[in-house]
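**Student:** need a 3D model of the following:
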Amino acid sequence: QLQLVESGGGLVQPGGSLRLSCAASGFTLDYSGIGWFRQAPGKEREGVSCISSSGGSTNYADSVKGRFTISRDNAKNTVYLQMNSLKPEDTAVYYCAVGPCSDWPYRFNFGSWGQGTQVTVSS
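**Tutor:** Numbers count the residues shown, from 1 in each chain. Prediction:
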């Protein structure tokens, strides 16, 4: 079964950092764009960032530009989301999914969604 597994979430104080990981099970990520999305309670799932298969192209939501960095290590079959200067409004469940960054931040062409990892930013 093709599946992505997110990890690295947790509780952090405002201004803190977390690094999320998105690991693939059952397939290689080498040829896939990977998008990070998040969903806060009562809100729509929104695009956070996307990285192309080569890693040469990245996209960020305006709300996270300059604070979040997406990267990938194809040798480890893993994509990362480094989140710095976290704010309470970053609190959400974070998901990764496979899809073309040309379609990001829209979700309709993204699949193999993981189960998500909770990020809570609170003092």
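**Student:** ok, so what distance separates the closest residue to Asn109 other than its chain neighbours from Ser7?
**Tutor:** Residue nearest to Asn109 in three dimensions, not counting chain neighbours: Asp103, with 4.4 Å by C-beta to C-beta, 6 or more residues apart in numbering. The way it works is simple: take the backbone N, C-alpha and C, and place the C-beta from them, glycine included. Relative to Ser7, Asp103 is positioned 25 Å away (criterion: C-beta to C-beta, to the nearest Å).
**Student:** now do Gly16
**Tutor:** When Gly16 is compared with Ser7 (using C-beta to C-beta), they lie 17 Å apart.
**Student:** please apply the same query to Thr91.
**Tutor:** 17 Å.
**Student:** which one of these two is surrounded by more residues?
**Tutor:** Ranked by neighbour count (other C-beta atoms under 10 Å), Thr91 and Ser7 place Thr91 first, with 17 against 14.
**Student:** that one contacts Lys43, correct?
**Tutor:** No - in this structure, Thr91 is not within contact of Lys43 by C-beta atoms under 8 Å, at 10.5 Å.
**Student:** wasn't Glu6 part of a helix?
**Tutor:** No - assessed by DSSP: H, G, I helix; E, B strand; the rest coil, Glu6 does not belong to a helix; its assignment is strand.
**Student:** for burial, what's the neighbour tally of it?
**Tutor:** Each residue near Glu6 was counted by other C-beta under 10 Å, and the total is 23.
**Student:** then the one 3 residues further on?
**Tutor:** Residues within reach of Gly9, counting by other C-beta under 10 Å, total 19.
**Student:** chain neighbours aside, what residue packs nearest to it?
**Tutor:** With sequence-adjacent residues excluded and distances taken as C-beta to C-beta, 6+ apart, Gly9 is closest to Thr117, at 3.4 Å.
**Student:** and the most centrally placed residue in the chain, which of the three is it?
**Tutor:** Against the mean C-alpha coordinate of the chain, by C-alpha atoms, centre = their mean, the closest residue is Trp36 at 2.6 Å. When the structure is reduced to helix, strand and coil (three-state DSSP), Trp36 reads as strand.
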